[in-house]
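**Student:** Any chance you can model this:
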Amino acid sequence: MKSISGKMLCKIVERQGWVLKRTTGSHHIYSKEGVDVILSIPVHGNRDLPKGTLRSILKDADLTENDLE
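**Tutor:** This next block holds a predicted model:
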């Protein structure tokens, strides 16, 4: 799986229609109209997200690895 930073993942989910609701510390909280899931994306500078964290966020957002491009 391709690794990306939290900052880059935020840009990707925003392109998919997710809206930033608030920032709590270093976590950006996103929601989407018609979806009951809340996304919490850790943004620690340009540090890559751990693979398990990235996989979990992609699953919650109903995205695939191909959407990361």
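
**Student:** tell me the SS of the residue sitting furthest away from the middle of the chain?
**Tutor:** Largest separation from the mean C-alpha position in the chain: residue 34, at 17.4 Å (CA atoms, centre = their mean). Here residue 34 is recorded as coil under DSSP: H, G, I helix; E, B strand; the rest coil.

**Student:** Give me the pLDDT value at it.
**Tutor:** Listed pLDDT for residue 34 reads 93.

**Student:** For the residue lying closest to residue 64 once chain neighbours are set aside, give me its contacts.
**Tutor:** What sits nearest to residue 64 in space, not counting adjacent residues and going by CB to CB, 6 or more residues apart in numbering, is residue 58, at 7.0 Å. For the C-beta atoms, the positions are set from N, CA and C on the backbone; glycine is no exception. Listed by CB atoms under 8 Å, 6 or more residues apart in numbering, the contact partners of residue 58 are 64, 65, 67, 68.

**Student:** now those residues as TSV including pLDDT, secondary structure and distance to residue 47?
**Tutor:** Shown next, in TSV, are the contacts of residue 58 (pLDDT from 0 to 100; DSSP: H, G, I helix; E, B strand; the rest coil; distance: CB to CB, whole Å):
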residue	pLDDT	secondary structure	distance to residue 47
64	92	coil	23
65	91	helix	20
67	87	helix	21
68	87	helix	16
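
**Student:** Out of these, flag the one nearest to residue 44.
**Tutor:** residue 68 (18.2 Å; CB to CB).

**Student:** wait, doesn't residue 38 sit right on residue 32?
**Tutor:** No - Residue 38 is beyond contact range of residue 32, at 9.1 Å (criterion: CB atoms under 8 Å).

**Student:** and for these two, which residues touch both?
**Tutor:** Common neighbours of residue 38 and residue 32 (criterion: CB under 8 Å, 6+ apart): none identified.

**Student:** Pick out whichever of those two has more residues nearby.
**Tutor:** residue 32 (16 against 12; other CB atoms under 10 Å).

**Student:** give the contact list for the closest residue to that one other than its chain neighbours.
**Tutor:** Leaving aside its chain neighbours, residue 32 sits nearest to residue 18 (4.9 Å; criterion: CB to CB, 6+ apart). By CB under 8 Å, 6+ apart, the residues touching residue 18 are 30, 31, 32, 39, 61.
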